[in-house]
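Enquirer: my questions are about this predicted structure, shown below with the sequence.
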Amino acid sequence: MKLIILDRDGVINHDRDDYVKSADEYLPISGSIEAIARLSKAGFTVVVATNQAGLAKGKFELEDLEAMHEKLTALVEEQGGELGGIFYCPHHPDDSCKCRKPKPGMLDAIEAEFNTSVESSYFIGDSLRDLQAGVQKGCKPVLVKTGKGETTLAQLADASLQTDSPLIAQEQVLVFDNLSAAADFILADALTQNS
């Protein structure tokens, strides 16, 4: 199974400081939906792993989150692709749960769901905690410059800015302008390996 794991806010859709709270506020970044569809049509199973602390903080209800994910799923299907699944952590940052990134609990859940290992899969995110969750499970970390990506790039360049462990070296991380550019690279790399 060729698996690709995506963070949601700041990678697929525009992030908001006050949380994305409804399907109306769920606005895809240009080219991101098409990128997911292209990866899906090329035989990749694309899944989303997203922290959604806004649920625990009362910023939105579960029905709102489900409506956002229905919108995302429908948009990908309109482009001829499909999402393999959407995994989310509903907990507050203070809850010490096992699923909130940078902890790898959601990746464990993905492995259980698909009866596979996430090792060597691409994990595409815009924050340090995305990359850290991926690295802990042997994923290939990919950073996009959308969302919090530019800030994260600065954190990678200056190890003293990395607050959570494990420490990640900038050389470990592939960096792209956006999800569409990351998809271009992954698809070209897959072609090379198959030829």
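Expert: Structure's in. What do you need?
Enquirer: ranges for the helices of the protein?
Expert: With helices called from DSSP state H, the chain shows them at 32-41, 53-56, 62-78, 105-114, 128-136, 149-157, 179-194.
Enquirer: R16: which of those is closest?
Expert: Closest of the helices of the chain to R16 is helix 53-56, at 9.7 Å (criterion: CB to CB). Where you see a C-beta, it was placed from the backbone N, CA and C, and this is true even at glycine.
Enquirer: now do the closest one, average pLDDT.
Expert: The average pLDDT within helix 53-56 is 97.
Enquirer: tell me which residues in the longest strand anywhere in the chain are buried?
Expert: In the chain, ranked by residue count with DSSP state E as the criterion, the top strand is strand 45-51. Judged by neighbour count (16 or more other CB atoms under 10 Å), strand 45-51 contains these buried residues: 45-51.
Enquirer: redo those as TSV? Include distance to R16.
Expert: Compiled in TSV, the buried residues of strand 45-51 are given as follows (distance: CB to CB, whole Å):
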residue	distance to R16
T45	28
V46	23
V47	23
V48	17
A49	19
T50	14
N51	14
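Enquirer: between those, which is closest to Y122?
Expert: Distance to Y122 across those (CB to CB) is lowest for V46, with 9.8 Å.
Enquirer: tell me if I'm right that that closest one and F87 touch.
Expert: No. The criterion here is CB atoms under 8 Å, and V46 misses it with F87 at 12.0 Å.
Enquirer: where are the low-confidence patches of the protein?
Expert: The chain contains residues with pLDDT under 70 at 164-165, 195.
Enquirer: and with 90 instead?
Expert: Counting by pLDDT under 90, the chain has low-confidence residues at 1, 157-172, 190-195.
Enquirer: pick the most deeply packed of the helices of the chain.
Expert: Greatest average neighbour count among these goes to helix 128-136 (a mean of 24), per mean count of other CB atoms under 10 Å.
Enquirer: how far off strand 45-51 does it point, in degrees?
Expert: Relative orientation of helix 128-136 versus strand 45-51 (axes from the mean of the first three to the mean of the last three CA atoms, to 10 degrees): 130 degrees.
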